[in-house]
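>>> Just a sequence and a predicted model for now, questions to come.
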Amino acid sequence: MNNLKKAYFAGGCFWCTEAVFLRLKGVEKAIPGYCGGNYENPTYEQVCSGITGHAETVLIEYDSDLISYEMLLDVFFRTHDPTTINRQGNDVGKHYRSAIFYTDLEQKKYAENFIKKCNEDGLFKKRIVTQLEPLKEFYTAENYHMNYYELNQNQPYCEYVITPKIEKFKLKFKSELK
């Protein structure tokens with residue numbers, strides 16, 4: 001597939017981010033992992049301890065004929081709080097920061113322009129603090145994180161955090177759903 005592209009978004013817990021993006025038309029895969037740190041092959045425990053500097057990140061493989069990078073940005077910014085530093089709800093720590101790991105200058109420019117427009121339009125009550133960083137390395141998370149929400153919907157975190165997020169997402173992006 002020649003139109004398959006990649007995007008890397010860190011928007012708090014990767015279980016939440018993965019669950020949202022897997023529901024979009026044109027998204028082929030959403031893979032949880034780690035970006036932006038200074039350890040090779042970090043484990044979940046190391047990342048959560050804060051010693052590695054990584055953020056919980058989701059690699060999104062998408063068909064650019066079916067969904068644009070701009071639409072992915074819109075979903076990303078509307079499904080987490082990009083105005084809080086190192087925090088999403090009760091999830092606190094640098095590994096929960098809001099970040100975009102761009103793969104090329106075009107992605108960087110789109111993200112910069114999107115953030116600028118959101119700030120100018122007052123989309124959020126506070127200014128966006130999402131970090132833009134060049135992608136250096138993506139480390140895939142452990143297998144038990146893959147498709148976590150789908151496999152664990154009755155788990156309390158999934159029930160009380162992810163399910164409401166997905167319901168809100170489905171209302172806003174109805175026409176973009178698979």
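Yes, it's here.
>>> CA only for contacts and neighbour counts going forward, please
Noted.
>>> This structure: strands as residue ranges?
With strands called from DSSP state E, the chain shows them at 4-11, 27-35, 55-63, 87-88, 91-92, 98-102, 131-134, 139-140.
>>> Now tell me what touches the first one from outside.
Right, strand 4-11. Outside strand 4-11, the residues within contact range by C-alpha atoms under 8 Å, 6 or more residues apart in numbering are 17, 55-64, 69, 76, 80-82, 88, 96-103, 135.
>>> Now do the buried residues in stretch 90-102.
Within stretch 90-102, the residues that count as buried by 16 or more other C-alpha atoms under 10 Å are 92-102.
>>> what about burial for the contacts of strand 4-11, which qualify?
Applying 16+ other C-alpha under 10 Å to the contacts of strand 4-11 flags 17, 55-63, 69, 76, 80-82, 88, 96-103 as buried.
>>> that older thread, for Lys174, find the nearest of the strands of the chain.
strand 27-35 (14.9 Å; C-alpha to C-alpha).
>>> Any chance you could list what contacts that closest one?
Under C-alpha under 8 Å, 6+ apart, the answer for strand 27-35 is 14-15, 18, 21-22, 42, 47, 54-63, 67, 101, 135-142, 145-146.
>>> for the record, mean pLDDT for the longest helix along the chain?
Criterion DSSP state H: the longest helix present in the chain is helix 105-121. On average, the pLDDT along helix 105-121 is 96.
>>> what sits up against it?
With C-alpha under 8 Å, 6+ apart as the criterion, helix 105-121 contacts 69-70, 73, 100, 102, 124, 127-128, 132.
>>> mind putting these in CSV, pLDDT and distance to Lys29 included?
As requested, the contacts of helix 105-121 are exported to CSV (pLDDT from 0 to 100; distance: C-alpha to C-alpha, whole Å):
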residue, pLDDT, distance to Lys29
Tyr69, 97, 15
Glu70, 96, 17
Leu73, 97, 16
Ile100, 98, 17
Tyr102, 98, 17
Phe124, 92, 29
Arg127, 95, 30
Ile128, 95, 27
Leu132, 97, 22
